[in-house]
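Undergrad: Whatever this is, show me its structure:
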Amino acid sequence: MPEQRLRPLRSVLVVLWYLVTGTLRTLDERVGDRVLTDAGQAFTVYRETTVRPPSETTHRTGAVLTFEFHLWFMPDPLVPYAVRVFEPFSILTTPFFAGLPGFRTKLWLFDHDTGDYQGIYQWETVRDAERYARALTRVMAFLSVPGSVSYEVADEATLDEYVASHAPGARAERATATQWLRRGAAIAVLGGLLVAVARFVRRGAASTSDAASPDRESYRARDEQPAPAHPDSR
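TA: This is a model prediction of the structure:
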C-alpha cells in the first residue's frame, strides 16, 4: 500500500480555520526549559505551538518525534542571535505542518553552544510522526549541514513524559541510580569472590586434616600396644 502523501497546502487551510476558532495556540509555560538528549546535549525551549489545550494534548498517549539539524547558513558569529534569526522562519513554516493529520504539539528548541536546532513533536500515531519526519528530512537536507539531520520516534509516549524524563534533574537522578546499581553489582561480585576464597581455604584445610589422620591413628595404635615382658619377670 503506497504511503499517503502529505498535503501542506491543505494544512495551511486547516490552520486558517484553527486561527479563526482559536484552536492553534502559542504557549509560554515551557519557554526557557532545558531538555537533554541521551548524549547529554542541552537544548532550550524558545517556542511552543499546540492545536489542543494543554490538558488534552500533553497528557494524551501517542508518539513523540524528536528532530535535530544544523543550518548550513548559520555561521558561528550568528549563533547567539540564531533564535531571533530563525523566529520568522518558525512562524512562516507553522501553517505547513500544524494542520497535518495527527499533529498535536511542537516544542522549538535551540542549543546556544553548538547552534543546533531541535523540534520535539507530539503526534497522534507513530505513522503520522514517521511520515512527517521522512518528509521533513528531505526538505532539511538542502538547508542543513550534511550529516546533522536526524530524528527518532518514541511510541506510547506523551510530551510531558518525554520532557520530564529528559530534564537536567531527571538525568542526574538516572545517573545517581545507575551509580548505585554499579556499586551494588561491584559489592555482589566482591562478596562472591570472598565466599569462593573462603570455601577454597576451608576445603584445603579439610584435605590437609584428612591426610594427617592415618598417621595419628598409627601413633595411637602403637601407644595402645602392651609393652613386651621383661626377662627378669619370670
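Undergrad: Just the element for S148, please.
TA: Remark: S148 resides in no helix or strand, with elements defined by DSSP states H and E.
Undergrad: Please report the distance of it from F86.
TA: 15 Å (CB to CB, to the nearest Å). (C-beta placed from N, C-alpha, C; glycine too.)
Undergrad: ok, now P77?
TA: 15 Å.
Undergrad: Just want to know which of these two has more residues nearby.
TA: Set side by side, P77 and F86 show more neighbours around F86, with 19 against 7, by other CB atoms under 10 Å.
Undergrad: List the residues that contact that one.
TA: Residues near F86 by CB atoms under 8 Å, 6 or more residues apart in numbering: L71, M74, F110, Y117.
Undergrad: For it, identify the helix or strand it belongs to.
TA: helix 82-93.
Undergrad: re the thing from before, just put the contacts of F86 in TSV and tack on secondary structure and distance to V20.
TA: Shown next, in TSV, are the contacts of F86 (DSSP: H, G, I helix; E, B strand; the rest coil; distance: CB to CB, whole Å):
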residue	secondary structure	distance to V20
L71	strand	33
M74	coil	34
F110	strand	31
Y117	strand	30
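Undergrad: Out of these, which comes closest to W17?
TA: Y117 (28.3 Å; CB to CB).
Undergrad: Report the beta-bridge partners for that closest one.
TA: Beta bridges link Y117 to F69, F110 when assigned by DSSP bridges.
Undergrad: is it true that it touches L71?
TA: Yes - using CB atoms under 8 Å, Y117 is in contact with L71, at 7.0 Å.
Undergrad: and the least confident of the contacts of F86?
TA: When these are compared by pLDDT, M74 scores lowest at 81.
Undergrad: can you give me phi and psi for that residue?
TA: With angles defined as degrees, to the nearest 10, M74 sits at phi -110, psi 90.
Undergrad: From V15, how far off is it?
TA: Counting by CB to CB, the gap from M74 to V15 is 26 Å.
Undergrad: How about H70?
TA: Distance from H70 to V15, by CB to CB: 27 Å.
Undergrad: Same drill for these two, tell me which one is more crowded.
TA: V15 (21 against 18).
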